[in-house]
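Engineer: Fold the following for me, if possible:
(one chain, ligands or ions: 2)
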Amino acid sequence: MLNTIQRALFASGLTANLILASKSVKNGAMTAGDIIMMQSLMLQLINPLFFLGMMYRTFTDSIIDIKLLYSMLSKQPTIIDPVNPVACGQLSGKIGFNNVTFRYPGHNQDTLKNLQLNIDAGEFVAIVGPSGVGKSTIFKLIYRLYDPQEG
Ligand SMILES: Nc1ncnc2c1ncn2[C@@H]1O[C@H](COP(=O)(O)OP(=O)(O)O)[C@@H](O)[C@H]1O
Ligand SMILES: [Mg+2]
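Structural biologist: Ligands and ions are numbered 1, 2, ... in the order given. Presented below is the predicted three-dimensional model:
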């Protein structure tokens, strides 16, 4: 809006100037060269003004971004570490699900129920099932995008 108003003001100003100047040329108060000079002066003046307008816009945009950034930083994550976390110890490369029951927050049906799954290091396991059965959910739990309710 700022740029639009700026440009509209400039265009109407230049038009008014040109009309007045051509009248002055007609009655001999100005020469044709004067019109050219007036126009170049206007153009030289307007560029820094446009630049200022752009700077102002970038500046306000950045302030809005900073506000968003701070509001994200102060957000409380839904996955929180326990007060006394258990150390992992040396990683064995095993993946184990021990009686894991999980439902998505706000859902009233368990997506995984008493899941028992042990994968040894280096072992290849295929998880097969129809769409929506919970295959991807297993990976979301491994990545700890969610915490299980049980297990
Ligand atoms: N982010 C989510 N929020 C709520 N329900 C979900 C979400 N993601 C998946 N679900 C539901 O959980 C079930 C299992 O989904 P998903 O693990 O993606 O299945 P699959 O990968 O086996 O096709 C589906 O019924 C699906 O609608
Ligand atoms: Mg999937």
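Engineer: By residue count, tell me the biggest helix in the chain.
Structural biologist: In the chain, taking DSSP state H as the definition, the longest helix is helix 32-73.
Engineer: Which SSE is immediately downstream of it?
Structural biologist: Next along the chain after helix 32-73, taking DSSP states H and E as the criterion, comes strand 95-102.
Engineer: what's that next one in contact with?
Structural biologist: With contacts defined as CB atoms under 8 Å, 6 or more residues apart in numbering, strand 95-102 is touched by 110-119, 137-138, 141-142, 146, 148-151. Placement of C-beta: from N, CA and C, glycine included.
Engineer: For the longest helix of the chain, enumerate the helices and strands it packs against.
Structural biologist: With contacts taken as 3 or more CB pairs under 8 Å, 6 or more residues apart in numbering; DSSP states H and E, helix 32-73 sits against helix 2-26.
Engineer: Could you pull up the mean pLDDT of the helix it packs on?
Structural biologist: Averaged over helix 2-26, pLDDT sits at 91.
Engineer: How is residue 117 assigned, secondary-structure-wise?
Structural biologist: Classification of residue 117 by DSSP: H, G, I helix; E, B strand; the rest coil places it in strand.
Engineer: State the number of residues packed around the closest residue to it other than its chain neighbours.
Structural biologist: Leaving aside its sequence neighbours, residue 117 sits nearest to residue 97 (CB to CB, 6 or more residues apart in numbering; 4.0 Å). A count of nearby residues for residue 97, using other CB atoms under 10 Å, gives 18.
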